[in-house]
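# Kindly generate the corresponding structure for this input.
(chains A and B)
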Amino acid sequence: MTIDMEQFKTTYIEESHEGLEVMESKLLEMDAGETDEDAINSIFRAAHSIKGGGATFGFSDISNFTHVVETLLDEIRNGERVINQEAIDLFLTSVDVIREMLTAAQKGEAIDEARASDVKQQLEKMLGTQADDPATLVETQANPNNVGWDIHFIPFPEMLTRGNDVVRMFRELGELGAFDVQADLAKLPTLKDLNPEECHIGWKITLTGSVLRDQIDEIFAWVEGDCELIITPLADTKPTKQDAKRQSQAKQPPVKVTAAAERRVGAGAESSSIRVDIEKIDALINMVGELVITQSMLSQLGEDFDMGRCEKLLKGLGQLERNTRELQESVMRIRMIPISFAFNRFPRMIHDMCGKFGKKVVLKLSGESTELDKTVMEKIGDPLVHLVRNSLDHGIEMPEQRVAAGKPESGTVHLNAFHQGGNIVIEITDDGAGLDKDKIFAKAVEKGLVEASTVLSDDKIYDLLFQPGFSTAEQVTDISGRGVGMDVVKRNILALGGSVEVATELGCCTTFTIRLPLTLAILDGQLICVGDETYIIPLISIIESLQVDKKSVSAIAGKAELYKLREEYIPIIRFHHVFGVHTEKISLENGLLVVVEGNGYKAALLVDDLLGQQQVVIKSLETNFRKIDGVSGATILGDGTVALILDVAGLIRVAQSGKHQHPLNTIENDGVAA
Amino acid sequence: MEAAQQINTNSGNMGIGAEGDGDQLLTFILAGEEYGVDILRVQEIKGWDTATPIPNTPEHLRGVINLRGTIVPIIDLRLRFALESVPYGPTTVVIVLKVVGENTSRIMGIVVDGVSDVYNVSEDAMKPPPDFGSVIAIDFVKGLATVGDNMVIVLDIDHLLNSGDLVQADSVVGTN
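Modelled structure (predicted):
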């Protein structure tokens, strides 16, 4: 039983976090001036669920706090109060406080009570101001002439299955005042058809005494959505407008509840879960169905096989291959989630930061539905935050500067994501001041990162941004400028097998472009063969493959070999040297070179032969062994043998360090270096 | 030394099929000597199959194999103990072991000349290895057990297979 409770707690916390996100995004929408009833209702619903769940699971701090928020929201929802900037800011702060409380609850830590009570006081203060304003008083809130209420309470059949206890509710009602109940048995089926778990009785309750509407609402709060509820003051038998609304609302919720229940099953007990679009699951089921059909076809074929049926077999195998590939793709797609998960946090961040800096920034998002692997998403979140912060802090100028420069007062930060080949590309563009390369260079010299006499290309200068210990911010703020960050950003992105580039125009704009592989589990590889061994080079690292033209080979000091490819000299790495593989083909003449690029360096690998291209599943070497320089992992080939996947950047590093089994820089006497 | 083993055999009542609540050892032959490992650590025993060599690793690491979808490194124990290398024959086997490290457990295989037997050896029948000083490193030996007339060298596989080049990530081995 306790375990079950824990499970629901996890789900509650998860769903509450989602609720908070909804609240936040809607609040920010309102912040932009788009106030509409739907938004307020969504916010209210989210707060209500958080409050209710909090009480159920014993997080009384959360429910008490949220209650105040909810009360305030309720007034806004009922039109008793106009939402203003102050309220929005306060709500946003409240969202933060609730989030902190949830996180604390999740980790079992103590809640920061000082902050919570501070915000709560502010909320209460705002609530209190309302009382001074007589215009906002509504009859339902406190009706002095109230003699009682007439309550029609008709539960839906399944209400009792949700753990609601009618007797308890009536007892509570009884505590409020004198109270008379009439049961309506009209809907009661015959004993034969009766399902003992369903509720078929309706009640007509007359409650006399000076009772506040709120008190009644509170008792019925838990059954809202599971019943038809009409509450009318005794003096006036017509339902108020509000009740009608409540009634219409009550029609929808049962669907919502079942949906939530389904999600609960999906969420499971695991700490890390993923929500999958039902369409993807359906596609998967279809594909498995096809696979089963193909399999039965093939097994039927195998039962009495003769050579005459060979063609049919090949056709079947072709179909099997297609099925498998599609199945693989669909399974991989389950792990794919839209990048909006990562983008969603930025509207809030920008809102807060603008307030802090006095800058005006509009955030534009596009391509939010672009999908990428969950693991990649989790790891790209922080680098993205950093880059956006940077754009805001260093990129966008103060409003007056912008106006002086003839630009619109508010700056724009544009986040864009799209697929390109097997990659996802994320662009962060700001129309700020741009990067001043002279300033960057001067700073780098000052920090001792480069010699003042060095001549660097523009690209290399911008690359200095990603050096550890580099910061051009004149003032160190809590947001950026400490010089840790950009190097971490770059390192994280490289660790994911991606790259980051900067393009800028002084006084106009800066764009950071991040390229990432869509998934970390599968890679497009080029199979190469050296000696008896097969290796895989990630296709993304290969620039081109070519046959050696003797005239293009030259050597420096008879040692380091270079290949002239168009206007570029590329060092040749003899693969069998670096990896210590025995091979017959050691001659450059008519050899094959694969030109690869890793970490900004290019190299030409001498290999024996190019085999096919194929998608390979990456297996870790580190699980049972350790990291090997120049190897990023391994995979299992069609024949069951293991092939190593090369890490091009690492391989070049090994070759450069000379720390491998054979000295690299001795050229075999094969007549090329003449 | 010789005498001590003798006494031990007589009083310890050990050997094939001996009853007792001691550890079970799987023993194997390596260059004529009998070595033992805790049988609970043995995942499986399989015949030698070609392994994919790993570049820039010590010679005793024969490479990695595919064990039902897992990449498992294979260590030639003869080479690891600097014994003379012999061509692999029909009795050559790979013993796949679970190796427990500080906070990880890994699957690794060792190539040996052949498997021998399974013995029950009680805790107190195991003698600590004598100190040979600098002649041989004795760290990898958990103890010496006596079975019949033979001595079984019980290996500390966690120590043996978590050491040196098998775990350190930063070692690019120098020239040969």
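# Look at A:Phe44 and tell me its secondary structure.
Assigned with DSSP: H, G, I helix; E, B strand; the rest coil, A:Phe44 falls in the helix class.
# A:Ile231 bridge partners, please.
A:Ile151 (DSSP bridges).
# Can you get me a residue count around it?
21 (other C-beta atoms under 10 Å in any protein chain shown). To be clear about C-beta, it is placed using only N, CA and C from the backbone, and glycine gets the same treatment.
# A:Ala405 now?
12.
# which residues touch the residue lying closest to it once chain neighbours are set aside?
Of all residues not flanking A:Ala405 in the chain, A:Gly507 sits nearest, at 6.7 Å (C-beta to C-beta, 6 or more residues apart in numbering or on different chains). Taking C-beta atoms under 8 Å, 6 or more residues apart in numbering or on different chains, we find A:Gly507 in contact with A:Ala405, A:Ala433, A:Gly434.
# Am I right that A:His48 falls within a helix?
Yes: judged by three-state DSSP, A:His48 forms part of a helix.
# Next up, identify which helix or strand the nearest residue to A:Gln467 once chain neighbours are set aside is on.
In this structure, A:Gln467 finds its nearest non-sequential neighbour in A:Leu449, 5.2 Å apart by C-beta to C-beta, 6+ apart. Using DSSP states H and E, A:Leu449 sits in no helix or strand.
# and if you look at A:Pro347?
helix A:345-357.
# mind listing what's buried in that helix?
By neighbour count on 16 or more other C-beta atoms under 10 Å in any protein chain shown, the buried set for helix A:345-357 is A:Arg345, A:Phe346, A:Pro347, A:Arg348, A:Ile350, A:His351, A:Met353, A:Cys354.
# now do stretch A:199-206
A:Cys199, A:His200, A:Gly202, A:Trp203, A:Ile205.
# cool, stretch A:212-221 as well?
Those would be A:Arg213, A:Ile216, A:Ile219, A:Phe220, for stretch A:212-221 by 16+ other C-beta under 10 Å.
# For B:Leu161, which residues are in contact?
By C-beta under 8 Å, 6+ apart, the neighbours of B:Leu161 are B:Ile75, B:Leu97, B:Val99, B:Arg106, B:Met108, B:Ile110.
# what about it, distance to chain A?
10 Å (C-beta to the nearest C-beta, to the nearest Å).
# A:Thr206 falls within a strand, correct?
Yes: under three-state DSSP, A:Thr206 falls within a strand.
# CA atoms only: put stretch A:432-442 into CSV for me.
The C-alpha coordinates for stretch A:432-442 follow below in CSV (Å, rounded to 0.1, in the frame of the first residue of the first chain):
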residue,chain,number,x,y,z
GLY,A,432,22.0,42.9,-31.0
ALA,A,433,25.4,44.5,-31.2
GLY,A,434,27.2,41.6,-32.9
LEU,A,435,30.6,40.4,-32.0
ASP,A,436,33.5,42.8,-32.2
LYS,A,437,36.4,40.7,-33.4
ASP,A,438,39.1,43.3,-32.5
LYS,A,439,37.7,43.4,-29.0
ILE,A,440,37.6,39.7,-28.7
PHE,A,441,41.2,39.4,-30.0
ALA,A,442,42.4,42.1,-27.6
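# What lies in contact with that stretch?
Outside stretch A:432-442, the residues touching it (C-beta under 8 Å, 6+ apart) are A:391, A:394-397, A:411, A:450, A:456, A:458, A:461-462, A:464-465, A:472, A:502, A:504-510.
# and with 6 Å instead?
A:Gly395, A:Ile396, A:Glu397, A:Gly411, A:Ile461, A:Leu464, A:Thr504, A:Glu505, A:Leu506, A:Gly507, A:Cys508, A:Thr510 (C-beta atoms under 6 Å, 6 or more residues apart in numbering or on different chains).
# of all these, which comes closest to chain B?
A:Leu464 (27.1 Å; C-beta to the nearest C-beta).
# pLDDT wise, what is the closest one at?
pLDDT, A:Leu464: 79.
# Is it in a helix, a strand, or coil?
Here A:Leu464 is recorded as helix under three-state DSSP.
# One more: B:Pro58?
Classified using three-state DSSP, B:Pro58 is coil.
# That one and chain A: what is the separation?
Separation of B:Pro58 from chain A (C-beta to the nearest C-beta): 11 Å.
# Wasn't the residue nearest to A:Ala405 part of a helix?
No: using three-state DSSP, the assignment for A:Gly507 is coil, not a helix.
# show me where pLDDT drops low in chain B?
Within chain B, the set of residues satisfying pLDDT under 70 comprises B:1-22, B:134-137, B:164-176.
# again, only this time at 90
Within chain B, the ranges that satisfy pLDDT under 90 run B:1-25, B:30-33, B:48-51, B:54-61, B:66-70, B:79-91, B:99-106, B:117, B:119-176.
# tell me the helices in it, going along the chain?
Remark: helices assigned in chain B by DSSP state H are B:2-12, B:77-80, B:157-161.
# Give me the residues contacting the second one.
With C-beta under 6 Å, 6+ apart as the test, helix B:77-80 has contacts from B:Leu30, B:Glu59, B:His60, B:Ser85, B:Ile110, B:Val112.
# Now residue 106. Nearest residue, chain neighbours left out?
Going with chain A. A:Ile13 (5.1 Å).
# think we crossed wires, I meant chain B
In space, B:Arg106 is closest to A:Asn624, 4.5 Å off (C-beta to C-beta, 6+ apart).
# Around the one you found, how many other residues sit close by?
For A:Asn624, using other C-beta under 10 Å, the count is 21.
# okay, now the residue of the stretch 51-200 of chain A found nearest chain B: neighbour count?
Scanning the stretch 51-200 of chain A for the residue nearest chain B gives A:Lys107, at 21.8 Å (criterion: C-beta to the nearest C-beta). When neighbours are defined as other C-beta under 10 Å, A:Lys107 has 8 of them.
# Check the one 4 residues further on too.
Under the neighbour criterion other C-beta under 10 Å, A:Ile111 is assigned a count of 18.
# Please apply the same query to the one 10 residues further on.
One way to gauge burial is a neighbour count; for A:Gln121, by other C-beta under 10 Å, it gives 12.
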